[in-house]
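**Q** sequence and predicted model, in that order:
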Amino acid sequence: MAARRKTGRARSKAYREFVSEAEEILERMRADLADLSDQRAAHTEVEPDLVNRLFRSAHSLKGLASMFGLDAISQLAHHLEDVLDGLRLGRVSLESPAVALLDEAVAVFAAFTQEMSEDRGDGASDAPGNAAVAEAAIAELVTRIEAAVHPPAADATNADPIAELALDPTLLRALTEYEEHRLRENVRRGRRIVLVEASFEILSFEEGLAELTKAVREVGEVLSTLPAPGDAPESQIRFSLLAATDLEAGALERRLDLPHTIVRSVGGSSVGRVVPPQATANPVTASPDSARHDEPVEPTSGAIDAPGAPSELESLKSISDTVRVDIKKLDELMNLVGELVIQRSAIASIAARLTADPATTRVGAELSKVHKSLDRKLQELQSGVLEVRMVPLRQVFEKLSRVVRRLRRDLGKEVRLEIKGADTELDKLIVEELVDPLVHLVRNAFDHAIEAPAERARAGKSIEGTIRIEASQRGNHVVIDVSDDGCGIDPVAVRARAEARGLVAPGDLLTHRETLDLIFAPGLSTRVEVTETSGRGVGMDVVRSNLTALGGLVDVDSTVGRGTRVSLTLPITLAIIQALIVGVADQRFAIPLTSVLETLLVEPASIQRSDGREMLNLRGQPLALRRLAREFGLPEGGSGGKHYVVVLGLGDARLGLLVDRLDGQQDTVIKPIQGPIQNVRGVTGATELGDQNAVLVLDVSALVDDAVRRREAA
């Protein structure tokens, strides 16, 4: 039994390693396939670099699956290599049914990977037949790919366009099959074929060749990189770049403007006898055989062995200094740091008591010094762990780009996605929970908001609609705005739909904001027909519930005929937070300090009433007040007749919370409430203070949201 558990743990670890690696590869393939799909829809020429990236991804996935003994995945990846290799060599057209199966293959990979991530790894899978079903699906897909791949028959009536060039046969033999194909395609397109010859100092030839290659790629395509013939000083080395461009040789040479660089047209007698040295039988590029069965090798300067090059042993060193870490391990580490934070507070409390006692003042002072040193180091540790957990929103935004591409194709609408602030960082766990809300918002904007091209033209708008996603950091919060230039939300239609579903009574008075907030009600949709994209009344309620669970706030603003803006306000992290400890009667509560704008001590006479609600004039602006004691049914008190007001802010919303006392600030770790009563409105969890007492942590987003609703309903 012990041996079986040990084997199960090893298998589980291997599964996690495979899933982690495969997930990254599949993400790249999804993004590249989306670009390929756009090219396929536009009937444009295949972008060589794009197909090469997909080929490398399929090759990497095949090698990864083989290493972990996943024969079915390896076999499918191998067939994807066949399709992509045929595509990049011109044997498979972009319109081939085999290309259409690439998306389905990636979806099968993703499903298989998801199943492996959910497998317990002890041999006792929750669904024992799932593996067999998955392998059967893979085998069926492999059969379909094999049937779809039909190399086009060679047309004997067409002359080989390469024959028109006065290329030396030796140079032609030095080209790989792929490079020869790219040469042939560029000649068919009528582009000029040139040789760019340059000399470099041996000590800096890598940088020089990279600079030259980059410059040529800006105006054309580099087909191959070869050592150039001719004499050169001992301190120099010569290279030739076979390239295709729309520029003439002289214009390209002036454009490059690099020393010791000559550009010659291929096709005339001047370059008809360009012959690479016989000693270089294995040029920079890969051989035809390796180009088919291995990864496509893009010519780089690093492939040339030069004096001073690192030895084979040295080249085995990893070029990456990053380490992939499971987020669960970071959670465990953060929990440990949280426990240390609690113990640090306990040490501070003990030090204060010892210092207050004359008999132990000296011991208390020494303990206070130790506490201060511990506090500094613990803050550095806490900051470091939090920084590791932070990831850019770019990860989510790239997924949204793929959603927009697919919707653009499925719905036949011209929509441009604009993204700003993709480098804004959030806690990894928050970013993952943001995916569904943002996808819902983008889908709703596409289906509900953006009009059809003809309708936009009648309204005097550009035929191409715009969805804009902008992220920015505001203090300890991140605000994500999702806006569009569509038709906007019709409050009359929303009100009518809400009345039809019994959400509001016909005579109820609703403000504009409260009417718009009805779109977050479960089951409400203004869409008459149900489509695959929307119309089922789900989505916007998911947005609000997910944001509230993350301690965030969602706000919507819309103008009929002009567009809609949905703002999501989120805390940067939900791990260790600083909290303001407040007291009401004999109870204490913790308020996340990220939502506290200021605290005030006010006289009872300064509290005013308007429409049955308590208000405070805060520097000329009305501030709605709520008594924390009434919210939890506690006896109301005060400090000598005075009250403390904690001013809370979330986004543009403000609320004043009346409490009896302020008990200071403290780092806290929010723990979920376990037991029969877990979801309490206004409470997000609990935390333990240094005196070993637990207190409730207030959900500021729920309190502010309720206050806004009450104010507008009054």
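**A** Now that the structure is in, tell me what you want to look at. Numbers count the residues shown, from 1 in each chain.
**Q** which element, helix or strand, includes Gly565?
**A** Actually, residue 565 is Arg. It isn't Gly. strand 563-571 (DSSP states H and E).
**Q** helices or strands up against that strand?
**A** Strand 563-571 sits against helix 428-444, strand 477-484, helix 540-549, strand 553-559, with contacts defined as 3 or more C-beta pairs under 8 Å, 6 or more residues apart in numbering; DSSP states H and E. Backbone N, C-alpha and C define where each C-beta goes, glycine included.
**Q** and with 10 Å instead?
**A** Under the contact criterion of 3 or more C-beta pairs under 10 Å, 6 or more residues apart in numbering; DSSP states H and E, strand 563-571 touches strand 425-427, helix 428-444, strand 465-474, strand 477-484, helix 540-549, strand 553-559, strand 643-650, helix 700-713.
**Q** export the ones you listed to TSV and tack on distance to Ala590?
**A** Listed next are those as TSV, based on distance: least, C-beta to C-beta, whole Å:
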stretch	distance to Ala590
strand 425-427	19
helix 428-444	20
strand 465-474	22
strand 477-484	18
helix 540-549	18
strand 553-559	19
strand 643-650	12
helix 700-713	11
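**Q** just send these back as TSV, with distance to Leu658, mean pLDDT and mean neighbour count too.
**A** Shown next, in TSV, are the helices and strands packed on strand 563-571 (distance: least, C-beta to C-beta, whole Å; pLDDT from 0 to 100; neighbours: other C-beta atoms under 10 Å):
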stretch	distance to Leu658	mean pLDDT	mean neighbour count
strand 425-427	31	86	23
helix 428-444	30	85	19
strand 465-474	26	90	18
strand 477-484	24	90	22
helix 540-549	23	78	19
strand 553-559	21	87	20
strand 643-650	5	86	22
helix 700-713	12	67	19
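**Q** ok, back up a step: tell me the mean pLDDT over the following helix or strand past the strand holding Arg565?
**A** Note on strand 563-571: by DSSP H and E, the next helix or strand toward the C-terminus is strand 576-584. For strand 576-584, mean pLDDT rounds to 84.
**Q** angle of strand 576-584 against strand 643-650?
**A** Orientation of strand 576-584 against strand 643-650 (axes from the mean of the first three to the mean of the last three C-alpha atoms, to 10 degrees) gives an angle of 150 degrees.
**Q** what lines up beside the strand holding Arg565 in the sheet?
**A** Using DSSP bridges, strand 563-571 pairs in its sheet with strand 477-484 (antiparallel), strand 553-559 (antiparallel).
**Q** make TSV out of those and add distance to Leu400.
**A** What follows is those, written out as TSV (distance: least, C-beta to C-beta, whole Å):
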stretch	distance to Leu400
strand 477-484	9
strand 553-559	17
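**Q** before we move on, back to that, report the angle between the strand holding Arg565 and strand 465-474.
**A** Relative orientation of strand 563-571 and strand 465-474, computed by the same axes, to 10 degrees: 30 degrees.
**Q** show the contacting residues for the spatially closest residue to Ser462 that is not a sequence neighbour.
**A** Once flanking residues are discounted, Ser462 sits nearest to Arg456: 6.8 Å by C-beta to C-beta, 6 or more residues apart in numbering. Taking C-beta atoms under 10 Å, 6 or more residues apart in numbering as the criterion, Arg456 is in contact with 413-414, 450, 462-465, 485-487.
**Q** show me what counts as buried in the strand or helix carrying Arg456.
**A** Element membership of Arg456 [criterion: DSSP H and E] is helix 453-458. Neighbour-count burial for helix 453-458 flags 453, 456 (criterion: 16 or more other C-beta atoms under 10 Å).
**Q** got it, and stretch 646-663?
**A** Applying 16+ other C-beta under 10 Å to stretch 646-663 flags 646-651, 653-660 as buried.
**Q** over to stretch 593-600?
**A** By 16+ other C-beta under 10 Å, the buried positions in stretch 593-600 come out as 594-596.
**Q** need the residues you listed in a markdown table (columns: distance to Val325 and secondary structure).
**A** Formatted as a markdown table, the buried residues of stretch 593-600 follow (distance: C-beta to C-beta, whole Å; DSSP: H, G, I helix; E, B strand; the rest coil):
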| residue | distance to Val325 | secondary structure |
| --- | --- | --- |
| Thr594 | 26 | helix |
| Ser595 | 30 | helix |
| Val596 | 33 | strand |
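**Q** now do the SS call for the residue sitting nearest the centre point of the chain.
**A** With distances taken as C-alpha atoms, centre = their mean, the residue of the chain nearest its centroid is Gln395 (0.8 Å). Recorded secondary structure, Gln395: helix (DSSP: H, G, I helix; E, B strand; the rest coil).
**Q** and for Glu234?
**A** Classified using three-state DSSP, Glu234 is coil.
**Q** tell me who's in contact with it.
**A** Contact analysis of Glu234 by C-beta under 10 Å, 6+ apart lists Ile202.
**Q** so it versus Glu201, what's the distance?
**A** Here the criterion is C-beta to C-beta, to the nearest Å. By it, Glu234 lies 11 Å from Glu201.
**Q** Glu104 now?
**A** According to C-beta to C-beta, Glu104 stands 51 Å off from Glu201.
**Q** over to Ala348?
**A** Counting by C-beta to C-beta, the gap from Ala348 to Glu201 is 64 Å.
**Q** compare the two (neighbour count), which wins?
**A** Neighbours were tallied for Ala348 and for Glu201 using other C-beta atoms under 10 Å; the higher tally belongs to Ala348 (18 against 13).
**Q** break the protein into its domains for me.
**A** The chain resolves into domains spanning 2-148, 161-285, 328-390, 393-571, 576-713 when parsed by automatic domain parsing.
**Q** do me a favour and get the end-to-end distance for the longest one?
**A** Translated: domain 393-571. Terminal residues of domain 393-571 lie 14 Å apart, using C-alpha to C-alpha, to the nearest Å.
**Q** so how far is it from its chain's centroid?
**A** The chain centre lies 19 Å from the centre of domain 393-571; the measure is C-alpha atoms, centre = their mean, to the nearest Å.
**Q** what ranges do the strands span in the stretch 51-200 of the chain?
**A** 192-201 (DSSP state E, counting those that start in this stretch).
**Q** shaky segments in it?
**A** Along the stretch 51-200 of the chain, segments meeting pLDDT under 70 span 117-134, 150-161, 163-164, 166, 168-170, 173, 177.
**Q** again, 50 this time
**A** Flagging of the stretch 51-200 of the chain using pLDDT under 50 yields the residue ranges 120-129, 152-157.
**Q** now do the helices in it.
**A** 71-88, 97-118, 130-148, 169-174, 177-188 (DSSP state H, counting those that start in this stretch).
**Q** for Gln587, which of these is the nearest?
**A** Closest to Gln587 of those is helix 97-118 (C-beta to C-beta; 42.2 Å).
**Q** mind checking how far the closest one is from the chain centre?
**A** Counting by C-alpha atoms, centre = their mean, helix 97-118 comes out at 20 Å from the chain centroid.
**Q** mind listing what's buried in that helix?
**A** 98-99, 101-103, 105-106, 108-110, 112-113, 115-116.
**Q** from those residues, pick the one nearest His181.
**A** Using C-beta to C-beta, Val99 comes nearest to His181 of the buried residues of helix 97-118, at 16.7 Å.
**Q** surely the closest one meets Ser37?
**A** Yes: contact status for Val99 versus Ser37: in contact at 9.2 Å, counting by C-beta atoms under 10 Å.
**Q** how far away is the closest residue to Leu61 other than its chain neighbours from Ala137?
**A** Setting aside the residues directly before and after it, Leu61 is nearest to Ala77 in space (C-beta to C-beta, 6+ apart), at 4.5 Å. With the distance defined as C-beta to C-beta, Ala77 ends up 15 Å from Ala137.
**Q** same thing with Asp667?
**A** According to C-beta to C-beta, Asp667 stands 50 Å off from Ala137.
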